[in-house]
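# let me see the structure of the following:
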Amino acid sequence: MKKSYFLTAILAVFALASAIFPQVAQAAQDAVTFVGADNLSMLGFAGVTLAANLPRAFELGERNALPVIASDIIYEGAATGLVAATGHTRPLVGGDRFVGFAVAKADNSAGAAAALNVELVESGEIELSVSGAVITDVNQPVYATDDNAFTFNPVGASFVGFVKRYVSAGVAVVAFDADCYKDPWAAYTVRETISADKTLDIEDNGKVFFVDTDAKVVTLPAVATPVNCAIVNIAAFGTVFLKISPAAADKIQGPDLPGTDNTALGNTKATARRGDFVVLGTGDANGPIVRSLRGTWATGN
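Below you'll find the model as predicted:
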């Protein structure tokens, strides 16, 4: 129907133009002769129009079915991962690409790879036990270290989704979409947890660090050793003071920072939220620069 309207509009334009400019009428006649009157309706359209019903195989948008690895069982409710080298699924192992939660048990313990499929819900909302979850964690990214262990720390884990609602201590409703949701830290493939004081070096370039313990100090190398990295406070709201200290003769330079030699940058504990971060980059002879940050940060020792 839309094509008919479009063709009618084209013909109307030609008719109006022909009344004003005789040469347009001749051009239109030449076009019809060249194309053929029967084929004129195809001008301007790509593809083939259906002339009969065409039944198609539809699937529910939130469901999928993927082949299972050999000699394993995926239980109902399991977080399921994709084996990168084979394309088969398995009970999720930290680092796998998360592809959904199993709808029913898929027992391939005696079968070859791909002998059966596991039915998955790949998008939706699910109640999970998430280690350390508190009421201030809404919108925080959630990760899985295996098919039934969920955490806020991305180290050695697979991104699953985001907290939608707090339920009780250590329990949350998580919104997930295996196709569309993206790990906020996907740009950093090398990740480490910091639970004690640490001095960075040249080998820490390109890493993201997750600090989970109060009052620990991350010391930067001298300016001659460039370090480009991200440092994240991964603890619950108001529980961890994160301190980043430059080398003695250097300063940390950044947005609204005074840039004083040998002065630390701290994520204020009283307002520190899980996921507050600073991204550091190579600066100049005075010291490194802050490329971006989130949360409340202040200078001082």
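# CA atoms for contacts and neighbours, from now on please.
Noted.
# low pLDDT regions in the chain?
1-47 (pLDDT under 70).
# report the residue ranges of every domain in it.
63-186, 190-299 (automatic domain parsing).
# ok, for Tyr75, nearest residue in space, not its chain neighbours?
Lys105 (4.2 Å; C-alpha to C-alpha, 6 or more residues apart in numbering).
# sorry, wrong one. I was asking about Val232.
Looking at Val232 with C-alpha to C-alpha, 6+ apart, the closest residue is Phe277, at 4.2 Å.
# distance of that neighbour relative to Val163?
19 Å (C-alpha to C-alpha, to the nearest Å).
# go on, Gly87?
For Gly87 relative to Val163 (C-alpha to C-alpha), the value is 28 Å.
# higher neighbour count, the two?
The residue with more neighbours, out of Gly87 and Val163, is Val163; 26 against 14, by other C-alpha atoms under 10 Å.
# ok, what's across the strand from that one?
Val174 (DSSP bridges).
# wait, doesn't it sit right on Val171?
No: at 9.8 Å, Val163 does not count as touching Val171 under the criterion of C-alpha atoms under 8 Å.
# give the residues shared as contacts by those two.
Residues touching both Val163 and Val171 (C-alpha atoms under 8 Å, 6 or more residues apart in numbering): none.
# could I get the full set of helices for the stretch 1-150 of the chain?
Using DSSP state H, counting those that start in this stretch, the helices of the stretch 1-150 of the chain run over residues 2-20, 22-35.
# contacting residues around the closest residue to Pro141 other than its chain neighbours?
Leaving aside its sequence neighbours, Pro141 sits nearest to Phe162 (C-alpha to C-alpha, 6+ apart; 4.4 Å). Shown in contact with Phe162 (C-alpha under 8 Å, 6+ apart): 138-142, 174-176.
# ok, Thr296 next?
267-268, 271-272.
# can you name the two of these that are farthest apart?
Farthest apart among the contacts of Thr296 by C-alpha to C-alpha are Asn267 and Thr271. That separation is 8.2 Å.
# with neighbour numbers in mind, choose between those two.
Using other C-alpha under 10 Å, the more surrounded residue of Asn267 and Thr271 is Asn267, with 24 against 16.
# spatially nearest residue to the more buried one, not counting backbone neighbours?
In space, Asn267 is closest to Trp297, 4.5 Å off (C-alpha to C-alpha, 6+ apart).
# and the one you found, how many neighbours?
19.
# just Asn53 next, same as before
So Asn53, with other C-alpha under 10 Å, has 6 neighbours.
# follow-up on the earlier one: the residue nearest to Val232 and Leu50, how far apart?
Counting by C-alpha to C-alpha - Phe277 and Leu50 are separated by 55 Å.
# got it, and Ala270?
For Ala270, the distance to Leu50 - C-alpha to C-alpha - is 65 Å.
# neighbour count: those two, which is higher?
Neighbour comparison, Ala270 and Leu50: the larger count goes to Ala270, with 12 against 7 (by other C-alpha under 10 Å).
# before we go further, the more buried one is sitting in a strand, right?
No: counting by DSSP: H, G, I helix; E, B strand; the rest coil, Ala270 is not part of a strand but helix.
# quick check, it in contact with Gly238.
Yes: counting by C-alpha under 8 Å, Gly238 is a contact partner of Ala270 at 4.8 Å.
# ok, back up a step: need the domains of the chain in a markdown table with distance to Ala57, can you?
What follows is the domains of the chain, written out as a markdown table (distance: least, C-alpha to C-alpha, whole Å):
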| stretch | distance to Ala57 |
| --- | --- |
| domain 63-186 | 13 |
| domain 190-299 | 41 |
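# to Leu54, which of those domains lies closest?
Of the domains of the chain, nearest to Leu54 by C-alpha to C-alpha is domain 63-186, at 22.9 Å.
# enumerate every residue touching the nearest residue to Leu265 once chain neighbours are set aside.
Nearest residue to Leu265, sequence neighbours excluded (C-alpha to C-alpha, 6+ apart): Thr299, at 4.5 Å. Thr299 is in contact with 257-258, 263-266, counting by C-alpha under 8 Å, 6+ apart.
# repeat for Ile202
So Ile202 contacts 225-227 (C-alpha under 8 Å, 6+ apart).
# repeat that for Asp250.
Contacts of Asp250 by C-alpha under 8 Å, 6+ apart are 222-223, 260-262, 286-287.
# swap in Val290?
252-255, 278-281.
# for it, list each beta-bridge partner.
Beta bridges link Val290 to Leu280 when assigned by DSSP bridges.
# distance of it from Asp256?
For Val290 relative to Asp256 (C-alpha to C-alpha), the value is 10 Å.
# same check on Leu220?
In terms of C-alpha to C-alpha, Leu220 sits 20 Å off from Asp256.
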